[in-house]
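> Need a 3D model of the sequence below.
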Amino acid sequence: MRRITNLNNGWTFSMNGREKTVSLPHSWNASDGTSKNYVRTRCVYKKELLPSENNTFLLVEGANSVAEIIVNGNKINAHKGGYSAFVTDLTPYIKDGCVLEIAVDNSDFDEVYPSSADFTFWGGLYRNVSLIETASCHFSFSDYSSCGVYATPRKTNDSWELDVKCLIDNINESIKVRYTLKNADGDTVIQEVSRQSEITLDCGSPFLWDGIKNPYLYTLSCELVENERILDNVAVKVGFRTVEIDSEKGLFLNGKAYKLRGVSRHQDRENMGNAITEKEHLEDINLILEMGANSVRLAHYQQNSYFYDLCDERGVLVWAEAPVISSFSEQKQENAKQQLTELVKQNYNHPSIFCWGIENEITQNKKNGKSKALIPCIRELNSLVKSLDGTRFTTCAQLSVLDSESELNRITDILGYNHYFGWYDFSFDFLNKWLDSFHSKYPDIKLCLSEYGAEGLVNLHSASPVQGDYTEEYQCIFHEEYIKAITSRDWLWGSYVWNMFDFGAANRREGGVLGKNNKGLVTYDRKVKKDSFYLYKAYWSNEPFVHICGRRFKNRKAGLYDIKAYSNKPEVTLTVNGREYTQKGDKIFIFKEIEIVMGENRLSADGEEVIIYGKAEADKSYKISEADSLVRNWAKKSPEESVNYLSPDSRIRELVKSEDAHIMLKGRLDSDILDSPFMKLLYPLKTKTVLKIARRIWLTESDCLLLSEYTYAIHK
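Numbers count the residues shown, from 1 in each chain. You can find the predicted model right below:
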């Protein structure tokens, strides 16, 4: 039988000649990963291994991003990719014991994805490292470090079959494979013994894996048996389920409509980076389920196998993806294929996974996005994944500015778009226009909203929130509009909030905060559920509750305020300083003109209490300076407020000469457009006139939308 030994403790860690003892999981960026100048270098982990006479394999579950395995000073293996596992055969080296070194480097490599993305590239051995000892005959690790067993449930009419494929090293005629399928209670329901490494089991009418309602799991055990002696054993979970998606009716799980209520998840934590344990993974899945989500997009890379296990067990459908992101590089194509193959093969048996993501915002870098190799390379990735797994969907996530006519939208089985209307661009009501326009033009495309969000800092507040103020209150307004748009469209098969949790993004400086993306519904340390968390809980959860918003907006200038509550109850009673206000509603309850008096004010509803203090003056600490806000929607200013107020009747001369407009548009359009001498020929024309002819000249459909929205008057 195989024996697994955890090697997490007692490593000597060396950085720049300095050594210390560490335990895994470990990241050398735990304290500086939210700094723009965080350390990206090569470090070494060293450990002595005891002698072993068995076949011995080293399993490294995650080393970011390029790793080398060095034994007794000699390099014996290397792995390029920071998020997938890899296995190294130590058998020839460990018979007398050996010194093992794992060199890890999180520098930017020309041939390895990702090189640019909106998150920190944490360095370290940040997942488990183990020794696996086996008999000579064992299930193989050679297929991209998978477990060597692939189980494929297949529905045939009204019954189910389970196709099982085993990859076995050093098998001979005296060795058989014993296949055992057990139910959730541990009872054997099928058992067959065969000399064949591939077999089909007739499973009849099993219990279905039915999402969060009933994620029923079977266990398939594959044993190598010789003369009744078990040489090796691999057990995998099996879930029988079907997922279908219709471009008009949405997603169906086991034949029933099942709209995906999703969130995206980065795996890092404050002061930990990627080096988190099962405790943190479990806390994350519990928060996701508490909110009522039934799907998660594991962005933008392969995540810990334990988290996929949790999703299997809890019934959370998973969008899994590889880190082919932001900036396309033909030079990285082989690495993209490797990491996608590892993603699929290492996670093939998880019933929670319903799609494989092959790229995210790959045209974010406009220059690389125009490469002639882009389309052929993405097509190659899609074909690769389909050849590896024909039972699941392929998908991708496009950035808003990608023209809807792009060939990239016709490669994968299903499609996602990442939109931030109302945060970076335009106003949030543009989402409705875009969705309906896209679906009208391309009714056959199976579309989801793969990202959307707005920053919400729990220390910033306003009674009159506006776009770009980074307040918790504006984040709520943003999500209120988005959830309404999503819920009202059955054809939209799912959506994924960006993000479930705040996360590290070293290059950011927004809202006065360095190195973090604060679009999470929960803070980076998971200690605070922002008000917007409870908006989704009101829409998605069946657990009755009432949440009073604005509890961190403690100090207010005494006066009249609208008090907001989120609840999935049909009626909410708010008590303020002993006076009751009752309101019927649907998810969002706004109690108008509630008086906040000087001193302490007690607000309560459904047993929870909030205290607000009335002050003589407003608390200025709740606002940031304009210099700290990178998000400004000048097009929404009124004529009285700004000379930059533009409309479709504005001349191109006014558009180009507006400093705000020029800066924003130049970052989104090709740089040669606004600075082109040909632009001067258009100066006398109205914007709306140019838009009619623009596509015939040099603007794409998305460019036109940008111009139109940036010049769209507030009185539209």
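
> And the strand or helix carrying residue 296, how far out from the chain middle?
Using DSSP states H and E, residue 296 sits in strand 295-298. Distance of strand 295-298 from the chain centroid (C-alpha atoms, centre = their mean, to the nearest Å) equals 6 Å.

> how much space between residue 80 and residue 323?
12 Å (C-beta to C-beta, to the nearest Å). For the C-beta atoms, the positions are set from N, CA and C on the backbone; glycine is no exception.

> Which one's more surrounded, the two?
It is residue 323, of residue 80 and residue 323, that has more neighbours when counted by other C-beta atoms under 10 Å, with 30 against 18.

> SS state for residue 413?
Assigned state for residue 413: coil (three-state reduction, DSSP: H, G, I helix; E, B strand; the rest coil).

> For burial, what's the neighbour tally of it?
Neighbour number of residue 413 under other C-beta under 10 Å is 16.

> Offset the numbering so it begins at 6, please.
All set: I'll call the first residue 6, so the last point we hit is now residue 418.

> Now do the contacts for it.
250, 360, 398-400, 451 (C-beta atoms under 8 Å, 6 or more residues apart in numbering).

> picking that back up, work out the sheet partners of the strand holding residue 301 and label each with its direction, please.
strand 265-270 (parallel), strand 322-326 (parallel) (DSSP bridges).

> any idea which helix or strand comes after the longest one?
The element immediately downstream of strand 265-270 (helix or strand, assigned by DSSP H and E) is helix 283-296.

> which intervals of this protein have sub-threshold pLDDT?
631-632, 634-655, 660-687, 692-721 (pLDDT under 70).

> where's the most centrally placed residue in it relative to residue 165, distance?
Geometric centre of the chain, nearest residue: residue 304, 2.8 Å, by C-alpha atoms, centre = their mean. According to C-beta to C-beta, residue 304 and residue 165 sit 32 Å apart.

> which residues in the stretch 306-455 of the chain form helices?
310-319, 338-351, 371-374, 379-393, 435-446 (DSSP state H, counting those that start in this stretch).

> typo on my end, the stretch 506-655 of the chain
So, for the stretch 506-655 of the chain - with DSSP H, counting those that start in this stretch - the helices run 536-545.

> which residues does residue 214 contact?
220-222, 244-246, 320, 356.

> Sorry, slip of the keys, the one I care about is residue 109.
So residue 109 contacts 47-50, 68-69, 71-72, 128-130 (C-beta under 8 Å, 6+ apart).

> Check residue 329 too.
Counted by C-beta under 8 Å, 6+ apart, residue 329 has contacts 118-119, 337, 341, 344-345, 363-365, 367, 386.

> and stretch 268-282, how far apart are its ends?
When the termini of stretch 268-282 are compared using C-alpha to C-alpha, to the nearest Å, they are 21 Å apart.

> got it, and stretch 210-227?
22 Å.

> related to what we said a few turns ago, got the contacts of residue 329 as JSON lines, with neighbour count and distance to residue 428 columns?
Listed next are these as JSON lines, based on neighbours: other C-beta atoms under 10 Å; distance: C-beta to C-beta, whole Å:
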{"residue": "118", "neighbour count": "30", "distance to residue 428": "26"}
{"residue": "119", "neighbour count": "25", "distance to residue 428": "23"}
{"residue": "337", "neighbour count": "23", "distance to residue 428": "30"}
{"residue": "341", "neighbour count": "28", "distance to residue 428": "29"}
{"residue": "344", "neighbour count": "27", "distance to residue 428": "30"}
{"residue": "345", "neighbour count": "27", "distance to residue 428": "30"}
{"residue": "363", "neighbour count": "26", "distance to residue 428": "26"}
{"residue": "364", "neighbour count": "29", "distance to residue 428": "23"}
{"residue": "365", "neighbour count": "27", "distance to residue 428": "18"}
{"residue": "367", "neighbour count": "26", "distance to residue 428": "21"}
{"residue": "386", "neighbour count": "25", "distance to residue 428": "30"}
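
> related to what we said a few turns ago, of the contacts of residue 109, which is the most crowded?
So for the contacts of residue 109 (other C-beta under 10 Å), the most neighbours sit at residue 128, 30 neighbours.

> how near is it to residue 514?
Residue 128 is 22 Å from residue 514, by C-beta to C-beta.
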